[in-house]
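J.: Pasted the sequence and its predicted model underneath.
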Amino acid sequence: MTTTSATQPSPHHLPDTGPTGRPDGPPDPRPDRRPDPLPGRRLPAGMAADLSASVAVFLIALPLSLGIALATGAPLQAGLVAAAAGGIVAGRLGGAPLLVSGAATGLTVVTAELIQRYGWRTTCAITVLAGCCQLGLAFLRTARSALMVSPAVVHGMLAGIGVTIALAQLHIVLGGTPQSSALANVLGLPAQLADPHPAALGVSVLTLIVLLGWPRLPGRAGTTLRRVPAALAAVAAATTFAALTGLRLPRVDLPSWRSHALPEWPEGPVLGIVAAVLTVTLVGSVESLLSAVATDKLIATGRDRGSRPPRADLDRELRGQGAANIVSGALGGLPVAGGAVRSGANVRAGAVSRRAAMLHGLWIILAAGLLVPVLDLIPLASLAALVMVVGVQMVSATHVRTVTRHREILVYVTTISAVVLGGVLEGVAIGIAVAVAVALHRLARTRITLEERDGVHRVRARGQLTFLAVPRLSRVLNQIPYGARTVIELDGSFMDHAAFETLQDWQDSHVAHGGSVEVTGRAGAGAPEGGRAAGGEPARRGAHHCCRPWTPWKNHCDHRAAGDGEGRALPGPTATAPASEPRRRGAGQLASGIIAFQRDTAPHVRDELARLAREGQQPSQLFLTCADSRLVTSMITASGPGDLFTVRNVGNLVPLPGAEATDDSVAAAIEYAVDVLQVDSITVCGHSGCGAMQALLNSHPGAPMTPLRRWLRHGLPSLERMRSRHHPWARIAGRLPADAVEQLCLTNVVQQLEHLRAHESVARRLAEGTLELHGMYFHVGEAQAYLLSEGDDFFDCRIFDSVGGHV
């Protein structure tokens, strides 16, 4: 967990910055980073922002709520009741200030099934009971546990719901009536396509054209028009077209609120009612919590720290959702959940507090009472087209790429199919079962091979060595003749007691009969306890093995001289070269590295590289760092082929777009990574003792201009930021930097992240919430990596410890 300190550095703890020109004492914080001593002065501005955002969200939520009610078969007022309850109750009591709740899109299919099976009034009672369950789960503080379900199952569930919604609404778009199940909708689609209703189809097509084309309107006029939400523009255009042309087709029909149905005590089989309550609770909770997390990410990437609300309290959010469902169900409304569409619009519209969500609920109530004649003009086909697009968008291409990259596409596809064919609860259960089976298969799957080359028997065990693999391991080991030289490579992260005893017993027996055993890790990593070197002698701890993949590099650093005359490092003890002996450079060292790679590393990565050659690269991250030879990116990030798209330059600099003497190679790499490779994150990594930062500190205005000096001009904003009183200080694990060079190295990471945000492709992805930026600092002398986090008056680099978490 990342933690940040809220204390301001004391003046007498700040070092003398020397050549930076920055005086002793803490920097004056920026006005927008210091709490306002008179908050009342900021209230009108915040209120105005929330008021504007609430109107924008209302204009989206109104047609969407009616469309979801239409898709479930519930009374259309039920969608408005859910929107009002979600906005006011969940907005006031929830833990995510900018999350906007309303009629649950993810529960559309479930609600439609419940209405068909139990009737509308019983469905309202089920909604109330589900809200009570959510309150119970919130008081047990289980919100985080709800996110422990495999993402492939969660996204597969939402995608399956989206497919089911789209199939049902497609029938209404064509002028027909949806069937009771997704399979029936698929089977009835050919007949519906053969006999469409021209008026309904025309209105639906117009809605789709406006809905999809509205965000792409060009020019200054387009910028002005895009302030109107696309959903409202599409429904308004279709309604106006239908009214002007006099088309005769089904329209919204809001009955009198006096006849609005309220819940009744559930009637039906107890187990069925319990299953329905659990389904509404599970799906609604997961959808709300995922939306809360996604809203937090959108806020973090789109706003600076001074304008961000507090991060979501998921247990409090679950309490708010439970209360909203109780109120909505009791008043005859649909189930409520947080929505990504409404919340994203709220964030982008500039909302600053929970007032925006609550005001949006108030506008819904006013519209339900005052705009009924206008709402009755809306064609049902237009609302169906709107909801159909929402359903299609629930099948996210980004999620498909992610689960494919993590080899969970089987779980994802199985969950989608099960939800579409069997229902939400059954689909989730099947998806979880498949996810568990895949995990157990990966845990139990161990490939053990034996090959003999040049008198050396090499056993390779890929995967986890558990008791399930002991029979195969014993069978392979018993094929090795007595007295043979043996190398055992263990390519896995776990070995249980049964496998260890089997391997240890065989090793002792083999050595006792005159053989030799060397036990190594992946690509020749160090032998575990009990391993023996050639000749039966105990293996020397840490002798060469820890850096076997970098043998030529280690020999270079340690001034090793052992070799075979061909540039190849010899096994066994080596002598230390005299200090006067020159380091091996040039073609000889390069050739020795190539030979070592082909001999030791290539056999292990050949299959993976062949896969990457077939499928193409799909890196998850753009890693921008310094060209310093002491930074080995794959080593400090434990990454392999295809994981990182790496850009290296002197000083890990990101030139601003349009800057003087701009190097387009960095901008081109950023554009390619963000737009073509669709990376999920960008990391800027600085390091201690950076020569570029030293050169910046020691630069003189009158020095002759060279290519290096021209390039380092892109680092001048970092130098200015460090010397400025109006930017936060950077610190390392709570301490101040050791000297001015380290301070500039840290400040440079922060500044280059700001430069990244100025690139058009990065800014766009950040606004969409599909890209994250990270700052990283590597202390070469300590071999310690730090991740950048933001405090009240400073940026702090927090330690990333050896077990994979922050300290």
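T.: Now that the structure is in, tell me what you want to look at.
J.: Which residues does stretch 494-511 contact?
T.: Stretch 494-511 has contacts (CB atoms under 8 Å, 6 or more residues apart in numbering) with 464-467, 469-470, 473-474, 477-478, 480, 482, 484, 486, 488, 517, 519, 530-532, 536. All C-beta atoms are positioned from the backbone trio N, CA, C, and that covers glycine.
J.: try 10 Å this time
T.: Under the criterion CB atoms under 10 Å, 6 or more residues apart in numbering, residues 443, 446, 459, 461, 463-471, 473-474, 476-478, 480-484, 486, 488, 490, 492, 515-519, 528-532, 535-537 lie in contact with stretch 494-511.
J.: Narrow those residues to those in strands?
T.: Filtering those for membership in strands, criterion DSSP state E, returns 459, 461, 486, 488, 490, 516-519.
J.: Pick out whichever of those sits closest to Glu408.
T.: Sorting the ones in strands among the contacts of stretch 494-511 by how near they are to Glu408, with CB to CB, puts Ala461 at the top with 24.5 Å.
J.: Please give me every residue in contact with that closest one.
T.: Counting by CB under 10 Å, 6+ apart, Ala461 makes contact with 446-449, 469, 472-473, 476, 488-492, 495, 499, 503.
J.: Low-confidence stretches in the stretch 351-500 of the chain?
T.: Low-confidence regions of the stretch 351-500 of the chain, defined by pLDDT under 70, span residues 493.
J.: residue boundaries of the strands in it?
T.: Listed in chain order, the strands found in the stretch 351-500 of the chain under DSSP state E, counting those that start in this stretch are 447-453, 456-462, 485-491.
J.: most tightly surrounded among those?
T.: Stretch with highest mean neighbour count among those: strand 485-491 (a mean of 20; mean count of other CB atoms under 10 Å).
J.: Parallel or antiparallel, list what pairs with it.
T.: Sheet neighbours of strand 485-491, with direction, are listed as strand 456-462 (parallel), strand 516-520 (parallel) (DSSP bridges).
J.: Dump these into TSV; add distance to Leu787 as well.
T.: Formatted as TSV, the strands paired with strand 485-491 follow (distance: least, CB to CB, whole Å):
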stretch	distance to Leu787
strand 456-462	31
strand 516-520	32
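J.: right, and these - which one's nearest Leu712?
T.: Checking those against Leu712 by CB to CB gives strand 516-520 as the closest, at 44.1 Å.
J.: Please put the alpha-carbon coordinates of the closest one into PDB.
T.: What follows is strand 516-520 as a C-alpha-only set of coordinates in PDB (Å, rounded to 0.1, in the frame of the first residue of the first chain):
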ATOM      1  CA  SER A 516      27.800 -34.900 -10.100                       C
ATOM      2  CA  VAL A 517      24.700 -32.800  -9.800                       C
ATOM      3  CA  GLU A 518      24.200 -29.100 -10.400                       C
ATOM      4  CA  VAL A 519      20.800 -27.700  -9.500                       C
ATOM      5  CA  THR A 520      20.100 -24.300 -11.000                       C
END
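J.: what mean pLDDT does stretch 274-286 have?
T.: Per-residue pLDDT values across stretch 274-286 average out to 89.
J.: same check, this time on stretch 616-631
T.: When pLDDT is averaged along stretch 616-631, the result is 91.
J.: quick one: buried residues of it?
T.: Neighbour-count burial for stretch 616-631, with 16 or more other CB atoms under 10 Å as criterion, is recorded at 618-626, 628, 631.
J.: end to end, how far does that stretch reach?
T.: Start-to-end span of stretch 616-631 (CA to CA, to the nearest Å) is 26 Å.
J.: Next, the buried residues of stretch 759-769.
T.: Residues of stretch 759-769 classed as buried under the neighbour-count rule (16+ other CB under 10 Å) are 759, 761-763, 765-766, 769.
J.: Output it in PDB with nothing but the alpha carbons.
T.: As requested, the backbone C-alpha atoms of stretch 759-769 are provided in PDB (Å, rounded to 0.1, in the frame of the first residue of the first chain):
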ATOM      1  CA  HIS A 759       1.300  15.200 -25.800                       C
ATOM      2  CA  GLU A 760      -2.000  15.000 -27.600                       C
ATOM      3  CA  SER A 761      -2.200  11.200 -27.700                       C
ATOM      4  CA  VAL A 762      -1.400  10.900 -24.000                       C
ATOM      5  CA  ALA A 763      -3.800  13.600 -22.900                       C
ATOM      6  CA  ARG A 764      -6.600  12.000 -24.900                       C
ATOM      7  CA  ARG A 765      -6.100   8.500 -23.300                       C
ATOM      8  CA  LEU A 766      -5.800  10.100 -19.900                       C
ATOM      9  CA  ALA A 767      -9.100  11.900 -20.300                       C
ATOM     10  CA  GLU A 768     -10.600   8.500 -21.400                       C
ATOM     11  CA  GLY A 769      -9.300   6.900 -18.300                       C
END
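J.: Tell me how far it lies from the chain's centre.
T.: A distance of 15 Å separates the C-alpha centroid of stretch 759-769 from that of its chain, computed with CA atoms, centre = their mean, to the nearest Å.
J.: picking that back up, pick the one among the buried residues of stretch 759-769 closest to Gly422.
T.: Gly769 (31.8 Å).
J.: What segments of this protein are strands?
T.: Counting by DSSP E, the chain has these strands, from start to end: 101-103, 336-338, 447-453, 456-462, 485-491, 516-520, 621-626, 644-649, 681-687, 729-732, 772-779, 784-790, 794-799.
J.: tell me which strands and helices the third one is in contact with?
T.: Taking 3 or more CB pairs under 10 Å, 6 or more residues apart in numbering; DSSP states H and E as contact, the helices and strands that strand 447-453 lies on are strand 456-462, helix 470-477, strand 485-491.
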